[in-house]
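S.K.: make a model of this:
(2 chains)
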There are 2 protein chains.
Amino acid sequence: MIRQDGNTVRTERTRRRILDESLKLFNDQGEDAVTTADIAGSLGISPGNLYYHFRNKDQIVAELFGRLEARLDIDPRVGPDVAQSIEDLWFYLHLMLEAIWDFRFFYRNLHGLARRDRRLRDRFNRIASRKLAAVEALCEALAGQGALAASREEIRALARNVLLVATYWLDFQSLRPGRERSAGLGQGAYQVMALVAPYLVGGARAHLERLGRSYVE
Amino acid sequence: MIRQDGNTVRTERTRRRILDESLKLFNDQGEDAVTTADIAGSLGISPGNLYYHFRNKDQIVAELFGRLEARLDIDPRVGPDVAQSIEDLWFYLHLMLEAIWDFRFFYRNLHGLARRDRRLRDRFNRIASRKLAAVEALCEALAGQGALAASREEIRALARNVLLVATYWLDFQSLRPGRERSAGLGQGAYQVMALVAPYLVGGARAHLERLGRSYVE
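M.R.: Okay, here's the model as predicted:
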């Protein structure tokens, strides 16, 4: 057991408050419009206190990216029961889209951030590569169970489109007029499932259509 | 016939040079990293001369957006010959992706630009709505010819995914390591066609697969 004195606890709490507030401000105003002085001011702490915890804004962004990585650090599973796998996939997509929404400032300025911080770009690409491989493995597993009919090349193209739609759906929706947050998450999952649907066969496709109906009615 | 004196011609030429140079710099460095002073400096003209033509950078961006609109101002067609329609669609996608590539600075900072300029956001949305309607109409027409089998709701979801993949494909690719520009355009068209492919039936699907083979081999 690690014992922490009052100072350590206070330090950790301030650090966490800075990250929470930064995330909120970045999401609301865009990361490039927010300075460390804005963050300190919004928390009612001195800039010096903020610099004691983070040497600059890039360090805050990098730590927030670590939080996003932790949220995305889960892969879709395929079990022996196809209907269950389809439901799990639906739930999994909601989890992923929720994480993307909670850290939407990254997705709204991917290029600017990647240009500024090479390591952030590498970390983004590691996530992308891993998700691509996970979606391909999932489709191959469904194909092995006779629930999905697609060639190896079709599965590769499908996985790329799944990743693209999942990554950018919420970004695109927030540019469109009159869209609500809650609709965005469910519709995003629906749009991704719509990519997979035409390759599903028999009971698996019928099951997906039943699950999806609530989003289109 | 409109007669133009030497001054008018020179003015028009300078104006065009400013727009061309701005586009190049925005694409290379990101629009937010380029100032009007950078543009003037890069052209070897005085800032005053630039301001004579454009009162600020937003006006340059808005005019460049007008150029992009003109490039995108064409809709896909469906003729009586299904095979020809599929080939036309392939060619059409190349044209659209080429326009997106040529004006990629917009797509790399859609949120920042839309936030700064409400009218630009509205113009982007008018294009998006029009393209959505065009893809839906195209799919309905193919369905009417018996070349595509999809429900009305499947076509709506498909059109949204077509728009999303076409809009963001090049953006996503340019974040990925080791991608080349030339591969990006062809592969982007391939990825969009891969969305439509599973809904095509009979000869239309076989024809698309033949066309697509060059991109995967």
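
S.K.: mind listing what's buried in the longest helix belonging to chain A?
M.R.: For chain A, the helix that runs over the most residues, judged by DSSP state H, is helix A:118-144. Going by neighbour count (16 or more other CB atoms under 10 Å in any protein chain shown), the buried part of helix A:118-144 is A:120-121, A:123-124, A:127-128, A:131-132, A:134-143. Quick note: C-beta positions are derived from backbone N, CA and C, even for glycine.

S.K.: list the buried residues in the helix or strand just after it.
M.R.: Using DSSP states H and E, the helix or strand that follows helix A:118-144 in sequence is helix A:152-175. Of the residues in helix A:152-175, A:154-175 count as buried by neighbour count, 16+ other CB under 10 Å.

S.K.: what about helix A:152-175, near chain B?
M.R.: Yes. Contact of helix A:152-175 with chain B (CB under 8 Å from any CB of the partner chain) involves A:153-154, A:157-158, A:160-161, A:164-165, A:167-169, A:171-172, A:174-175.

S.K.: touching, A:E209 and A:P198? I think so.
M.R.: No. Using CB atoms under 8 Å, A:E209 is not in contact with A:P198, being 11.1 Å away.

S.K.: rounded mean pLDDT for stretch A:57-76, please.
M.R.: The predicted model assigns stretch A:57-76 a mean pLDDT of 95.

S.K.: please see if it touches chain B.
M.R.: No. Stretch A:57-76 lies out of reach of chain B by CB under 8 Å from any CB, never closer than 14.0 Å.

S.K.: can you tell if the longest helix of chain A touches chain B?
M.R.: Yes. Using CB under 8 Å from any CB, helix A:118-144 comes into contact with chain B via A:R121, A:F124, A:N125, A:A128.

S.K.: residues contacting the third one?
M.R.: This means A:N125. By CB atoms under 8 Å, 6 or more residues apart in numbering or on different chains, the residues touching A:N125 are B:L175, B:R176, B:P177.

S.K.: repeat the analysis, applying 7 Å as the threshold.
M.R.: The contact partners of A:N125, by CB atoms under 7 Å, 6 or more residues apart in numbering or on different chains, come to B:R176, B:P177.

S.K.: for the first one, same thing?
M.R.: A:R121 sits next to A:A114, B:L175 when contact means CB under 7 Å, 6+ apart.

S.K.: the second one too?
M.R.: The contact partners of A:F124, taken as CB under 7 Å, 6+ apart, are A:A114, B:L175.

S.K.: okay, it: pLDDT?
M.R.: Predicted confidence (pLDDT) at A:F124: the value is 96.

S.K.: show me chain A divided up by domain.
M.R.: Using automatic domain parsing, the domains assigned to chain A come out as A:6-55, A:65-216.

S.K.: what would those domains look like in JSON lines with distance to B:T8?
M.R.: Conversion of these to JSON lines gives the following (distance: least, CB to CB, whole Å):
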{"stretch": "domain A:6-55", "distance to B:T8": "40"}
{"stretch": "domain A:65-216", "distance to B:T8": "38"}
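
S.K.: mean neighbour count, these: which tops it?
M.R.: Stretch with highest mean neighbour count among those: domain A:65-216 (a mean of 18; mean count of other CB atoms under 10 Å in any protein chain shown).

S.K.: related to what we said a few turns ago, report the two of the residues of helix A:152-175 next to chain B separated the most.
M.R.: Within the residues of helix A:152-175 next to chain B, A:E153 and A:S174 form the most distant pair, 33.1 Å apart (CB to CB).

S.K.: tell me which stretches of chain A form helices.
M.R.: When secondary structure is read from DSSP H, chain A shows helices at A:6-29, A:36-43, A:47-53, A:57-72, A:82-102, A:104-108, A:110-116, A:118-144, A:152-175, A:181-196, A:203-216.

S.K.: what packs against the worst-scoring helix or strand of chain A on mean pLDDT?
M.R.: Counting by mean pLDDT, DSSP states H and E, chain A has its least confident helix or strand at helix A:203-216, which shows a mean of 80. Packing contacts for helix A:203-216, counted by 3 or more CB pairs under 7 Å, 6 or more residues apart in numbering or on different chains; DSSP states H and E, involve helix A:82-102, helix A:181-196.

S.K.: poorly predicted segments of chain A, please.
M.R.: For chain A, the stretches flagged by pLDDT under 70 are A:1-4, A:179-183, A:215-217.

S.K.: how far is the longest helix of chain A from where the chain is centred?
M.R.: In this view, helix A:118-144 has its centroid 13 Å away from the chain centroid, taken as CA atoms, centre = their mean, to the nearest Å.

S.K.: quick one, it and helix A:152-175 angle?
M.R.: 130 degrees (axes from the mean of the first three to the mean of the last three CA atoms, to 10 degrees).

S.K.: what angle do helix A:118-144 and helix A:82-102 make?
M.R.: Using the same axes, to 10 degrees, one finds that helix A:118-144 and helix A:82-102 are set 160 degrees apart in direction.

S.K.: and the angle from helix A:118-144 to helix A:57-72?
M.R.: Going by the same axes, to 10 degrees, helix A:118-144 is angled at 10 degrees with respect to helix A:57-72.

S.K.: report the angle between helix A:118-144 and helix A:181-196.
M.R.: Going by the same axes, to 10 degrees, helix A:118-144 makes 50 degrees with helix A:181-196.

S.K.: gap between the closest residue to A:R17 other than its chain neighbours and A:F26?
M.R.: Nearest residue to A:R17 in three dimensions, chain neighbours excluded: A:L43, at 6.1 Å (CB to CB, 6 or more residues apart in numbering or on different chains). Distance of A:L43 to A:F26, computed by CB to CB, to the nearest Å: 14 Å.
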